[in-house]
Every structure is written in C-alpha cells, then in structure tokens.
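[1] Just a sequence and a predicted model for now, questions to come.
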Amino acid sequence: MISSKVQYLLDKAQGLMSKKTQLNTFWQNVAYNFYPQRAFFTRTISFPYGRDFAANLVTSYPILIARDLSNSISSYLRPRGQDWFKISVTNTKKDGNLDNESQRYLEWATQQQKSFLYDRNSGFVSWSI
C-alpha cells in the first residue's frame, strides 16, 4: 500500500503533467511552423526515413529565418576579426618551455584551422549574413 505522502506527490505530478499538455500542444504547433526539425513536443519520432517532415509548410521562409538567426548568434560569438581560439598544448607547464619551432607550428596549425573553418565550402559560416 502506498503511503499518503507518496500518493499526494503522485497525484500532484499527474495534475501538473495534465496542465502541461496544452502548453506542449502550443509548442508543437509553433515548432511545426518555425522549426520542424525539432517538433517533438507531443509526438515521437516514428515516421519512416525519408518522409518530408515539413510537408505542412507553404513556404520555406520560416526555416530560412530560423537558420539565419542561429547563424547570426554564432557569428556574434565568433567574430571574424578576432582570434576566438588557439591551438595549444594542454599542459600549461610545458607551454612555457616550447621552443620557437614548436610555437611557430602551433600558430601555423591555428591559422590552418581558421582557414578551413572560414572556407566557403566548409559550411561553418553562413555567407548570407
């Protein structure tokens, strides 16, 4: 037999979950229109591979806007003119003891990585912004 405190908590949780159903339905409808890739609030991923997940959309404009918004946020976090990463060794005690050749290699590797990331074909940066 379940104690009264446990039963109270179970009833409270059930009541809260039933109230959240309306909110999940709203989120589901918004996600269908603006971010169908992640519209899994009230349904599970059960459609077969290859099904058109955005068949309900009339235009691709909401998806493009969502993509551009997420790209603009990432471009603010990783500004082009500033160094926002650097390849280095993990042991900081050894970092001070690197010779010039090793430091030049790490700087070269950092520049190579940056050029790969900002290459048009990498897809890392949106060029529409």
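    Right, received. Where do you want to start?

[2] residue ranges of the helices in the chain, please?
    4-34, 61-77, 92-95, 100-117 (DSSP state H).

[3] With L23 as the reference, measure out to A109.
    Noted for A109: a distance of 48 Å to L23, by CB to CB, to the nearest Å. (Each C-beta comes from the backbone N, C-alpha and C, glycine too.)

[4] between the two, which one's more packed in?
    Higher neighbour count among A109 and L23: A109, with 13 against 10, using other CB atoms under 10 Å.

[5] which residue packs closest to that one, ignoring adjacent ones?
    What sits nearest to A109 in space, not counting adjacent residues and going by CB to CB, 6 or more residues apart in numbering, is I87, at 4.8 Å.

[6] give me the number of residues near that neighbour?
    I87 has 14 nearby residues by other CB under 10 Å.

[7] Need the phi and psi values for it.
    Main-chain torsions, I87, degrees, to the nearest 10: phi -80, psi 130.

[8] Could you measure from it over to S70?
    26 Å.

[9] Who are the contact partners of the residue nearest in space to the middle of the chain?
    For the chain, the residue nearest the mean C-alpha position is S70 (8.3 Å; CA atoms, centre = their mean). Residues near S70 by CB atoms under 8 Å, 6 or more residues apart in numbering: none.
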